[in-house]
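Student: my questions concern the predicted model and sequence given below.
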Amino acid sequence: MNLDQLFKLQQIMENNIKRISQIDENALGEENVFDLRFLALQVKVGELANLTKCYKYSKTREDISRDKLMIRYIDAMKYLLSIGNENNFSIINIDSVNSVAKEESVIKAFGNIFDDITHLKYNIKHSNYIDAMSRYIKLLGEFLNLGSNLGLSFEEVYNYYLEMAPCSGAPRK
(Lines give C-alpha, C1' and ligand atoms only; values in the text may rest on other atoms or scores of the structure.)
Protein backbone atom coordinates (compact mmCIF):
# COMPACT_ATOMS: atom_id res chain seq x y z
CA MET A 1 0.00 0.00 0.00
CA ASN A 2 1.41 3.34 -1.01
CA LEU A 3 0.41 5.70 1.78
CA ASP A 4 1.94 8.69 0.05
CA GLN A 5 -0.37 8.21 -2.92
CA LEU A 6 -3.42 7.80 -0.66
CA PHE A 7 -2.64 11.08 1.12
CA LYS A 8 -2.23 12.83 -2.25
CA LEU A 9 -5.46 11.38 -3.66
CA GLN A 10 -7.35 12.45 -0.54
CA GLN A 11 -6.01 15.99 -0.92
CA ILE A 12 -7.06 16.08 -4.59
CA MET A 13 -10.55 14.80 -3.74
CA GLU A 14 -10.97 17.39 -0.98
CA ASN A 15 -9.79 20.20 -3.22
CA ASN A 16 -12.29 19.12 -5.88
CA ILE A 17 -15.11 18.97 -3.34
CA LYS A 18 -14.22 22.44 -2.02
CA ARG A 19 -14.04 23.84 -5.55
CA ILE A 20 -17.33 22.29 -6.68
CA SER A 21 -19.25 23.13 -3.51
CA GLN A 22 -17.55 26.52 -3.10
CA ILE A 23 -17.04 25.89 0.60
CA ASP A 24 -15.11 28.64 2.34
CA GLU A 25 -13.49 26.96 5.34
CA ASN A 26 -12.31 30.36 6.59
CA ALA A 27 -15.95 31.40 7.02
CA LEU A 28 -16.56 28.34 9.21
CA GLY A 29 -13.65 29.18 11.47
CA GLU A 30 -10.44 27.21 11.94
CA GLU A 31 -11.50 25.66 15.24
CA ASN A 32 -14.88 24.60 13.87
CA VAL A 33 -13.28 22.92 10.85
CA PHE A 34 -10.81 21.18 13.17
CA ASP A 35 -13.61 19.86 15.40
CA LEU A 36 -15.72 18.95 12.37
CA ARG A 37 -13.00 16.68 10.94
CA PHE A 38 -12.62 14.80 14.22
CA LEU A 39 -16.36 14.50 14.77
CA ALA A 40 -16.78 13.22 11.20
CA LEU A 41 -14.06 10.61 11.79
CA GLN A 42 -15.77 9.45 15.00
CA VAL A 43 -19.15 9.26 13.26
CA LYS A 44 -17.76 7.29 10.31
CA VAL A 45 -15.93 4.84 12.60
CA GLY A 46 -19.17 4.51 14.59
CA GLU A 47 -21.10 3.76 11.41
CA LEU A 48 -18.57 1.05 10.59
CA ALA A 49 -18.96 -0.43 14.08
CA ASN A 50 -22.73 -0.28 13.71
CA LEU A 51 -22.55 -2.13 10.40
CA THR A 52 -20.56 -4.97 11.98
CA LYS A 53 -22.88 -5.20 15.02
CA CYS A 54 -19.82 -6.33 16.98
CA TYR A 55 -21.07 -4.46 20.05
CA LYS A 56 -24.24 -6.54 20.43
CA TYR A 57 -24.03 -9.30 23.02
CA SER A 58 -26.79 -11.47 21.69
CA LYS A 59 -26.23 -11.09 17.98
CA THR A 60 -24.11 -13.40 15.93
CA ARG A 61 -22.32 -11.70 13.11
CA GLU A 62 -24.41 -11.68 9.98
CA ASP A 63 -22.90 -11.72 6.54
CA ILE A 64 -22.22 -8.13 5.64
CA SER A 65 -22.14 -7.06 2.02
CA ARG A 66 -18.47 -6.69 1.12
CA ASP A 67 -19.22 -3.54 -0.89
CA LYS A 68 -21.12 -1.99 2.01
CA LEU A 69 -18.30 -2.85 4.42
CA MET A 70 -15.69 -1.42 2.05
CA ILE A 71 -17.66 1.79 1.53
CA ARG A 72 -18.06 2.35 5.29
CA TYR A 73 -14.39 1.58 5.87
CA ILE A 74 -13.23 3.94 3.10
CA ASP A 75 -15.59 6.68 4.37
CA ALA A 76 -13.79 6.62 7.71
CA MET A 77 -10.39 6.33 6.06
CA LYS A 78 -11.01 9.52 4.06
CA TYR A 79 -11.36 11.52 7.28
CA LEU A 80 -8.33 9.85 8.81
CA LEU A 81 -6.23 10.75 5.76
CA SER A 82 -7.69 14.25 5.75
CA ILE A 83 -6.56 14.81 9.33
CA GLY A 84 -3.14 13.49 8.34
CA ASN A 85 -2.91 15.94 5.46
CA GLU A 86 -4.08 18.88 7.55
CA ASN A 87 -1.47 18.23 10.21
CA ASN A 88 1.49 17.29 7.99
CA PHE A 89 1.43 13.63 9.05
CA SER A 90 1.50 12.51 5.44
CA ILE A 91 5.28 12.12 5.76
CA ILE A 92 4.91 8.79 7.55
CA ASN A 93 5.70 5.53 5.80
CA ILE A 94 3.99 2.17 5.78
CA ASP A 95 6.79 0.54 7.81
CA SER A 96 6.09 2.76 10.83
CA VAL A 97 2.38 2.05 10.52
CA ASN A 98 2.95 -1.69 10.16
CA SER A 99 5.00 -1.71 13.38
CA VAL A 100 1.89 -0.88 15.44
CA ALA A 101 0.77 -3.76 17.68
CA LYS A 102 -2.03 -5.81 16.15
CA GLU A 103 -5.28 -6.24 18.07
CA GLU A 104 -7.13 -9.49 17.40
CA SER A 105 -10.47 -8.41 18.87
CA VAL A 106 -12.62 -6.21 16.64
CA ILE A 107 -14.36 -4.82 19.73
CA LYS A 108 -11.06 -3.81 21.35
CA ALA A 109 -9.81 -2.43 18.04
CA PHE A 110 -12.82 -0.10 17.79
CA GLY A 111 -12.31 0.98 21.42
CA ASN A 112 -8.62 1.69 20.82
CA ILE A 113 -9.43 3.67 17.70
CA PHE A 114 -11.94 5.86 19.53
CA ASP A 115 -9.46 6.42 22.39
CA ASP A 116 -6.70 7.31 19.94
CA ILE A 117 -8.92 9.77 18.07
CA THR A 118 -9.51 11.60 21.36
CA HIS A 119 -5.80 11.56 22.29
CA LEU A 120 -4.76 12.70 18.82
CA LYS A 121 -7.18 15.61 18.92
CA TYR A 122 -5.87 16.63 22.34
CA ASN A 123 -2.23 16.45 21.25
CA ILE A 124 -2.85 18.51 18.12
CA LYS A 125 -4.87 21.13 20.03
CA HIS A 126 -2.03 21.48 22.53
CA SER A 127 0.65 21.67 19.81
CA ASN A 128 2.35 18.43 20.90
CA TYR A 129 3.49 17.59 17.37
CA ILE A 130 5.75 14.63 18.27
CA ASP A 131 3.09 13.03 20.49
CA ALA A 132 0.44 13.78 17.88
CA MET A 133 2.54 12.19 15.13
CA SER A 134 3.11 9.08 17.27
CA ARG A 135 -0.59 8.87 18.07
CA TYR A 136 -1.51 9.32 14.41
CA ILE A 137 0.83 6.48 13.38
CA LYS A 138 -0.75 4.29 16.08
CA LEU A 139 -4.28 5.27 15.02
CA LEU A 140 -3.61 4.61 11.34
CA GLY A 141 -1.98 1.28 12.16
CA GLU A 142 -4.94 0.26 14.31
CA PHE A 143 -7.35 1.34 11.61
CA LEU A 144 -5.55 -0.68 8.93
CA ASN A 145 -5.43 -3.65 11.31
CA LEU A 146 -9.18 -3.29 11.89
CA GLY A 147 -9.67 -3.52 8.13
CA SER A 148 -7.65 -6.71 8.11
CA ASN A 149 -9.71 -8.11 11.01
CA LEU A 150 -12.84 -7.33 9.00
CA GLY A 151 -11.46 -9.28 6.06
CA LEU A 152 -10.26 -6.33 3.99
CA SER A 153 -6.71 -6.64 2.68
CA PHE A 154 -4.40 -3.63 2.32
CA GLU A 155 -4.27 -4.16 -1.42
CA GLU A 156 -8.04 -4.42 -1.72
CA VAL A 157 -8.58 -1.20 0.27
CA TYR A 158 -5.89 0.59 -1.73
CA ASN A 159 -7.35 -0.49 -5.08
CA TYR A 160 -10.88 0.44 -4.03
CA TYR A 161 -9.66 3.84 -2.90
CA LEU A 162 -7.96 4.36 -6.26
CA GLU A 163 -11.21 3.46 -8.03
CA MET A 164 -13.05 6.10 -6.00
CA ALA A 165 -10.51 8.88 -6.61
CA PRO A 166 -11.72 10.02 -10.04
CA CYS A 167 -15.25 10.35 -8.65
CA SER A 168 -14.25 12.95 -6.04
CA GLY A 169 -15.09 10.63 -3.19
CA ALA A 170 -18.43 9.33 -4.40
CA PRO A 171 -18.85 5.63 -3.60
CA ARG A 172 -19.05 3.32 -6.56
CA LYS A 173 -22.34 1.63 -7.30
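Tutor: It's in.
Student: so where does the residue nearest the centre of the chain fall, helix or strand?
Tutor: The centroid of the chain falls nearest to residue 77 when counting by C-alpha atoms, centre = their mean (2.6 Å). Assigned by DSSP states H and E, residue 77 falls within helix 66-86.
Student: now what about that helix, what contacts it?
Tutor: The contact list for helix 66-86 (C-beta atoms under 8 Å, 6 or more residues apart in numbering) reads 6-7, 10-11, 13-14, 34, 37-38, 40-41, 44-45, 47-48, 51-52, 89-90, 92, 120, 136, 139-140, 143, 147, 150-152, 156-157, 160-161, 164, 169, 171-172. Quick note: C-beta positions are derived from backbone N, CA and C, even for glycine.
Student: any of these buried? List them.
Tutor: 6-7, 10-11, 13-14, 34, 37-38, 40-41, 44-45, 48, 51-52, 89-90, 92, 120, 136, 139-140, 143, 147, 150, 152, 157, 160-161, 164, 169 (16 or more other C-beta atoms under 10 Å).
Student: just those: which are in helices?
Tutor: Among the buried ones among the contacts of helix 66-86, DSSP state H puts 6-7, 10-11, 13-14, 34, 37-38, 40-41, 44-45, 48, 51-52, 120, 136, 139-140, 143, 147, 157, 160-161, 164 in helices.
Student: what is the neighbour count of residue 15?
Tutor: By the measure other C-beta atoms under 10 Å, the count of residues near residue 15 is 11.
Student: sorry, that was for residue 133
Tutor: Look at residue 133: counted by other C-beta under 10 Å, it has 20 neighbours.
Student: skipping its backbone neighbours, what lies nearest it in space?
Tutor: residue 89 (5.9 Å; C-beta to C-beta, 6 or more residues apart in numbering).
Student: how about the contacts made by that neighbour?
Tutor: 83, 132, 133, 136, 137.
Student: same list (those residues) but as CSV, adding pLDDT and distance to residue 112.
Tutor: Shown next, in CSV, are the contacts of residue 89 (pLDDT from 0 to 100; distance: C-beta to C-beta, whole Å):
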residue, pLDDT, distance to residue 112
83, 97, 17
132, 97, 17
133, 96, 18
136, 97, 14
137, 96, 13
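Student: and which of these is nearest to residue 116?
Tutor: Using C-beta to C-beta, residue 136 comes nearest to residue 116 of those, at 8.4 Å.
Student: surely the closest one is in contact with residue 92?
Tutor: Yes. Between residue 136 and residue 92 there is a contact under C-beta atoms under 8 Å: 7.3 Å.
Student: what number of residues lie near the residue nearest to residue 131 when sequence neighbours are not counted?
Tutor: Spatial nearest neighbour of residue 131, chain neighbours left out: residue 123 (4.5 Å); criterion: C-beta to C-beta, 6+ apart. Using other C-beta under 10 Å, residue 123 has 19 other residues around it.
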